[in-house]
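Peer 1: Next come a sequence and a model predicted from it.
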Amino acid sequence: MLGLVAGLTIAVVAGYLLGVKPRVFFAHVGSLSPWALLLCVASSYVILGLQSLRWYAVMRPVLGLRYPQAYRAQIVGTMFNAILPARGGDLLRVQYLGRRTGKSRAAIFGTEIVDRWLDWWGWIPAFVVMLAFTHPPPWMWKVLGVFGGSLSVWALAMVLLTRSGYQPKPDSRLARIYVPFKQGIEAFRAPRTWMIAFCIAPLPWIWETVVLSYAAGFFGIHLTLVSAFCVLVAFNLASVISSPGAVGTVEAGGTAALVYFGVDQSRALAFMFVYHFAYLLPAIAGGVFVLVSEGERLFGAPAPELEAEPEPAG
């Protein structure tokens with residue numbers, strides 16, 4: 001609750017500083033086209049599907065899991081991210097998938113770290129694609145430099161971990177965690193990871209850029225693909241500030257970027273509010289549906305029935 005209040009406070013303060021007029025904001029929200037809402041809701045499940053495809057491609061050689069399992073886990077994790085700050089849902093999707101499949105949670109968590117790196121890496125090749133259409137604003141190059149450096153450090157840490165000769169004492173509690181965790185991280189060094197990095201990781205970013213540009217038109221906001229991509233990057237960077245579901249931070253970051261491109265403040269905040277919750281609420285509903293339909297409890301007694309899994313090749 002404190003995280004949610006903090007996130008909403010950020011949105012309110014940002015709206016005040018940007019000169020948002022509450023009456024105009026609610027007028028824009030009230031004039032929402034049902035088709036715009038339907039587009040955003042449908043897009044949310046496509047984005048989840050593309051993100052799941054990326055994680056599945058990382059996990060498959062290590063754990064032998066199937067795509068539907070990755071998709072359900074992704075929805076469950078997104079649902080809990082809407083409730084917990086600091087992306088706590090990412091840990092619970094590991095817990096969910098470990099219970100449903102009987103696979104090592106440490107190994108799943110290792111692949112999740114690789115998947116998270118690929119997620120943030122994906123906007124770099126997507127950015128290169130956008131350069132084919134027009135020139136981005138100068139601040140995007142600065143973001144690219146800072147973020148590219150951070151990803152390089154992250155990648156170096158994963159490589160050093162996989163090359164480390166450290167071995168904990170056999171049969172110890174640390175060994176039962178460290179060994180499968182390292183196995184999950186080793187997916188980063190597989191040649192197929194670079195195929196994922198350039199062919200799959202950019203897909204959610206490119207898809208959402210196109211949808212964001214098109215959906216903005218329903219609010220009378222005209223965005224080129226490059227400006228839509230910049231807005232997408234801006235509100236994702238703002239979501240680093242912890243709040244449940246990034247409520248408030250996404251609205252603040254996206255509104256600031258839209259104002260930079262000359263969009264009216266109240267119209268920009270109304271669009272970001274609708275766009276964000278059109279992604280968030282379907283994910284919450286989907287996560288609830290998955291857990292209820294499977295009779296799943298994340299902790300306590302084992303899941304009612306483990307799904308039979310093929311052993312990974314090799």
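Peer 2: Structure received.

Peer 1: quick one: the helices in the stretch 201-314 of the chain?
Peer 2: Using DSSP state H, counting those that start in this stretch, the helices of the stretch 201-314 of the chain run over 202-216, 225-238, 249-260, 265-294.

Peer 1: Show residues contacting the shortest one.
Peer 2: By Cβ atoms under 8 Å, 6 or more residues apart in numbering, the list of residues contacting helix 249-260 from outside reads 7, 10-11, 13-15, 18, 20, 137, 221, 230-231, 234-241, 243, 265, 268-269, 271-273, 275-276. In short, each C-beta sits where N, CA and C put it, glycine included.

Peer 1: hmm, which of these are the buried ones?
Peer 2: Neighbour-count burial (16 or more other Cβ atoms under 10 Å) applied to the contacts of helix 249-260 gives 7, 10-11, 14-15, 18, 20, 221, 230-231, 234-239, 241, 243, 265, 268-269, 271-273, 275-276.

Peer 1: Val210 - how many residues pack around it?
Peer 2: Applying other Cβ atoms under 10 Å, we find 14 residues neighbouring Val210.

Peer 1: got it, and the one 4 residues further on?
Peer 2: When counting by other Cβ under 10 Å, one arrives at 15 neighbours for Tyr214.

Peer 1: Contacts only, for it.
Peer 2: Residues near Tyr214 by Cβ under 8 Å, 6+ apart: Leu39.

Peer 1: now swap in Ile113 and tell me
Peer 2: Shown in contact with Ile113 (Cβ under 8 Å, 6+ apart): Met158, Gly184, Ile185.

Peer 1: Is the second one within a helix or a strand, and which one?
Peer 2: Counting by DSSP states H and E, the element that carries Gly184 is helix 173-185.

Peer 1: Same check on the first one?
Peer 2: With elements taken from DSSP H and E, the one containing Met158 is helix 138-163.

Peer 1: for that helix, packing partners?
Peer 2: For helix 138-163, the packing partners by 3 or more Cβ pairs under 8 Å, 6 or more residues apart in numbering; DSSP states H and E come out as helix 105-121, helix 123-130, helix 173-185, helix 225-238.

Peer 1: Only the buried residues of the longest one, if you could.
Peer 2: If I follow you right, that is helix 105-121. 105-115, 117-121.

Peer 1: what angle separates that helix from helix 225-238?
Peer 2: 140 degrees (axes from the mean of the first three to the mean of the last three Cα atoms, to 10 degrees).

Peer 1: With only the CA atoms kept, save helix 105-121 in PDB.
Peer 2: Extracted in PDB, the C-alpha atoms of helix 105-121 (Å, rounded to 0.1, in the frame of the first residue of the first chain):
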ATOM      1  CA  ARG A 105      13.800 -23.000  -8.700                       C
ATOM      2  CA  ALA A 106      17.400 -21.900  -8.600                       C
ATOM      3  CA  ALA A 107      17.900 -23.000 -12.300                       C
ATOM      4  CA  ILE A 108      14.700 -21.200 -13.300                       C
ATOM      5  CA  PHE A 109      15.800 -18.100 -11.500                       C
ATOM      6  CA  GLY A 110      19.100 -18.300 -13.300                       C
ATOM      7  CA  THR A 111      17.300 -18.300 -16.700                       C
ATOM      8  CA  GLU A 112      15.100 -15.500 -15.500                       C
ATOM      9  CA  ILE A 113      18.200 -13.300 -14.900                       C
ATOM     10  CA  VAL A 114      19.300 -14.000 -18.500                       C
ATOM     11  CA  ASP A 115      15.800 -13.300 -19.700                       C
ATOM     12  CA  ARG A 116      15.800 -10.000 -17.900                       C
ATOM     13  CA  TRP A 117      19.000  -9.000 -19.500                       C
ATOM     14  CA  LEU A 118      17.600  -9.900 -22.900                       C
ATOM     15  CA  ASP A 119      14.500  -7.900 -22.200                       C
ATOM     16  CA  TRP A 120      16.400  -4.700 -21.600                       C
ATOM     17  CA  TRP A 121      18.900  -5.500 -24.400                       C
END
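
Peer 1: Figure out which of the helices of the stretch 201-314 of the chain is closest to Pro170.
Peer 2: Evaluated over those, closeness to Pro170 peaks at helix 265-294, with 35.8 Å, by Cβ to Cβ.

Peer 1: What helices and strands are in contact with the closest one?
Peer 2: helix 2-18, helix 22-30, helix 34-63, helix 67-81, helix 202-216, helix 249-260.

Peer 1: Output those helices as JSON lines; include the columns distance to Ala285.
Peer 2: Formatted as JSON lines, these follow (distance: least, Cβ to Cβ, whole Å):
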{"stretch": "helix 2-18", "distance to Ala285": "18"}
{"stretch": "helix 22-30", "distance to Ala285": "20"}
{"stretch": "helix 34-63", "distance to Ala285": "10"}
{"stretch": "helix 67-81", "distance to Ala285": "8"}
{"stretch": "helix 202-216", "distance to Ala285": "19"}
{"stretch": "helix 249-260", "distance to Ala285": "19"}
